[in-house]
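Engineer: Make a model of this:
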Amino acid sequence: MVFRHGVAPINGRHPQSAGTLSTQDVGRLLLHCADRPGLVAAVSAFLAQAGANIVSLDQHATQQSGGMFMQRTIFHLPGLSTARDTVERDFADRVASKFGMEFTLTEAARPKRVAIMTSTADHCLLDLLWRNRRGELDMSIAMVISNHPNLADQVRAFGVPFVHVPATKEIRAQAEARQLEMLRDNIDLVVLARYMQIVSPSFLAQVGCPLINIHHSFLPAFVGAAPYRRAKERGVKLVGATAHYVTESLDEGPIIEQDVVRVDHRHDVGDLTRLGADVERAVLSRAVLWHCQDRIIRNGNQTIVF
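Structural biologist: Numbering: from 1, shown residues only. The predicted model follows:
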């Protein structure tokens, strides 16, 4: 689906919307393991015995047999907030250990605490703040951290704390130590909304939560400054964006979402930059939304998005 004069709405590229049902007593169970017969039956039987009603169940196997199995189950269980720890422990003992599953169990009524890191470009940052204020993103923005002070007033207008932590290649270690003080054991997700500093492997190992990054989809071509000017010089026919999880391999983590807009010889560099920013906003917002709704399961360097 390509939009010549704009980009898709936040839910426009996904077969399932967030819906309007109450999240009270609703749990989300994500799991993956080696595929074998009986997995769905075992999960369903456990939830039934726990008194839960399955609202939706999505599954995927990478092969007809012998591959990896992934499943996202949404269920309703009265008193879930009180029973959650017991349900999680019992599932680990009675189901996950038997099948060698890795799993997460979350409560839909508890929005994820998110920190946004940014530099000077405002389009992705302000889009996330605006969508969150409108209730389009199921999350709580705990803070915005920037290596420049430029966007402080715009962020604080949304009632979100803004923290300026200067960061350059020369002082990266000191900057990351300060950032980790605020993020570690406090945040469920970090979003790099055009944060123009490399994140070190040490930071990734210590932060204790996933990171999502956004960048233009010209990579690996047009690396560095002025990618849209260089793209114009090459006469590109598409501009786009990629949102992915951050790993130690720069810009090579598991891809969550991508989108493109077709362009032609009539578009100048300013047009390409504007269209690219539009795509970046939409792609990053969708990726963040799906993560916060527990729709994503990582399988190696790929993602399965339910």
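
Engineer: Now residue 29: which helix or strand?
Structural biologist: strand 26-34 (DSSP states H and E).

Engineer: just checking, what packs against the helix or strand that contains residue 86?
Structural biologist: Taking DSSP H and E as the criterion, residue 86 maps to helix 80-91. Packing partners of helix 80-91 (3 or more CB pairs under 8 Å, 6 or more residues apart in numbering; DSSP states H and E): strand 26-34, strand 102-107. In this view, the C-beta of every residue, glycine as well, is placed from N, C-alpha and C.

Engineer: Can you tell me what sits against whichever helix or strand comes after the last one?
Structural biologist: By that I understand strand 102-107. Next helix or strand after strand 102-107 toward the C-terminus (DSSP H and E): strand 112-118. Residues outside strand 112-118 that contact it (CB atoms under 8 Å, 6 or more residues apart in numbering) are 124-125, 128-129, 138-146, 151, 179, 182-183, 186-195, 288, 291-292.

Engineer: Let's see stretch 125-140 as PDB, backbone CA atoms only.
Structural biologist: Taking C-alpha atoms only, stretch 125-140 is exported to PDB below (Å, rounded to 0.1, in the frame of the first residue of the first chain):
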ATOM      1  CA  LEU A 125       9.500  13.200  18.900                       C
ATOM      2  CA  LEU A 126       6.500  15.500  18.700                       C
ATOM      3  CA  ASP A 127       4.500  13.000  16.800                       C
ATOM      4  CA  LEU A 128       4.900  10.500  19.600                       C
ATOM      5  CA  LEU A 129       4.000  13.100  22.200                       C
ATOM      6  CA  TRP A 130       1.000  14.200  20.300                       C
ATOM      7  CA  ARG A 131      -0.300  10.700  19.600                       C
ATOM      8  CA  ASN A 132       0.200   9.700  23.200                       C
ATOM      9  CA  ARG A 133      -1.700  12.800  24.400                       C
ATOM     10  CA  ARG A 134      -4.600  11.800  22.100                       C
ATOM     11  CA  GLY A 135      -4.600   8.300  23.500                       C
ATOM     12  CA  GLU A 136      -3.400   6.600  20.300                       C
ATOM     13  CA  LEU A 137      -0.400   5.100  22.000                       C
ATOM     14  CA  ASP A 138      -0.900   2.700  25.000                       C
ATOM     15  CA  MET A 139       2.100   3.900  27.000                       C
ATOM     16  CA  SER A 140       3.300   6.400  29.700                       C
END
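
Engineer: quick check, residue 180 in a helix?
Structural biologist: Yes: using DSSP: H, G, I helix; E, B strand; the rest coil, the secondary structure at residue 180 is a helix.

Engineer: pretty sure it contacts residue 209?
Structural biologist: No: at 11.2 Å, residue 180 does not count as touching residue 209 under the criterion of CB atoms under 8 Å.

Engineer: Tell me what angle the helix holding residue 86 forms with strand 26-34.
Structural biologist: With axes from the mean of the first three to the mean of the last three CA atoms, to 10 degrees applied, the angle from helix 80-91 to strand 26-34 works out at 20 degrees.

Engineer: Return the set of buried residues in the lowest-mean-pLDDT helix or strand in the chain.
Structural biologist: Confidence across the helices and strands of the chain bottoms out at helix 227-234, with a mean of 88, counting by mean pLDDT, DSSP states H and E. Under the neighbour-count criterion of 16 or more other CB atoms under 10 Å, helix 227-234 has 227, 228, 230, 231, 232 buried.

Engineer: got the contact list for the first one?
Structural biologist: Think residue 227. Contacts for residue 227 (CB under 8 Å, 6+ apart) come out as 216, 218.

Engineer: Also the third one?
Structural biologist: With contacts defined as CB under 8 Å, 6+ apart, residue 230 is in contact with residue 222.

Engineer: for the last one, same thing?
Structural biologist: Contacts were defined as CB under 8 Å, 6+ apart; by that measure residue 232 touches 267, 268, 269, 272.

Engineer: Please indicate which of the residues you listed has the highest neighbour count?
Structural biologist: residue 272 (20 neighbours; other CB atoms under 10 Å).

Engineer: Now do the contacts for that residue.
Structural biologist: Contacts of residue 272 (CB under 8 Å, 6+ apart): 228, 231, 232, 236, 239, 263.
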